[in-house]
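K.L.:
quick one, what's the 3D model for this:
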Amino acid sequence: MGTRVSYPVEVKMKAIEMRLAGIPVKQVLEELTIRNKSQLKTWMKWYQNGELHRLEQPVGKQYTFGKGPEYESETAKLHAENRYLKQQVEVLKKYAELERKWSRKS
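P.N.:
Sure, this is the predicted structure:
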């Protein structure tokens, strides 16, 4: 049985951003040295469900349903929420750009 690998939040977010940009799974796995495609699939599911707090959890740690991590302060919680909302806006901008490219090709 292999050892568990803990990926930093930055690697997880980079992998998600790469997939949202349309980069193939195999290339993302190779560039970021991620062992298994199911791991990337899980991160994408968490991202799409708005469960970004799960990207910060340690290996094997599962939060109780409906609960996220403990934040040091209300400010830290707001910063995390702000980061999530900014990422959502970026995704929508990228999608709008892709739609424009698609409509030009037609």
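
K.L.:
quick check: which element contains Glu72?
P.N.:
Following DSSP states H and E, there is no helix or strand that holds Glu72.

K.L.:
from Leu78, how far out is it?
P.N.:
12 Å (CB to CB, to the nearest Å). C-beta here means a position set from N, CA and C on the backbone, and glycine is covered the same way.

K.L.:
quick one: which of the two has more around it?
P.N.:
Leu78 (11 against 8; other CB atoms under 10 Å).

K.L.:
and the host helix or strand of the more buried one, what's its mean pLDDT?
P.N.:
Assigned by DSSP H and E, Leu78 belongs to helix 74-105. Average pLDDT, helix 74-105: 86.

K.L.:
next, the buried residues of that helix.
P.N.:
Within helix 74-105, the residues that count as buried by 16 or more other CB atoms under 10 Å are 80, 87, 91.

K.L.:
hmm, Leu55 is touching Lys12, no?
P.N.:
Yes: counting by CB atoms under 8 Å, Lys12 is a contact partner of Leu55 at 4.8 Å.

K.L.:
so what sits against both of these two?
P.N.:
Residues touching both Leu55 and Lys12 (CB atoms under 8 Å, 6 or more residues apart in numbering): Trp43.

K.L.:
more neighbours: which of these two?
P.N.:
Lys12 (23 against 19).

K.L.:
tell me which element the more buried one is part of?
P.N.:
helix 9-20.

K.L.:
what angle do that helix and helix 74-105 make?
P.N.:
20 degrees (axes from the mean of the first three to the mean of the last three CA atoms, to 10 degrees).

K.L.:
past helix 9-20, which element shows up next along the chain?
P.N.:
helix 25-32.

K.L.:
using CSV, write out every CA atom in that following helix.
P.N.:
The C-alpha coordinates for helix 25-32 follow below in CSV (Å, rounded to 0.1, in the frame of the first residue of the first chain):
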residue,chain,number,x,y,z
VAL,A,25,-6.1,15.9,-17.4
LYS,A,26,-3.0,14.0,-18.4
GLN,A,27,-1.0,17.2,-19.0
VAL,A,28,-2.1,18.6,-15.6
LEU,A,29,-1.1,15.5,-13.8
GLU,A,30,2.3,15.5,-15.4
GLU,A,31,3.1,19.2,-14.9
LEU,A,32,2.0,19.2,-11.3
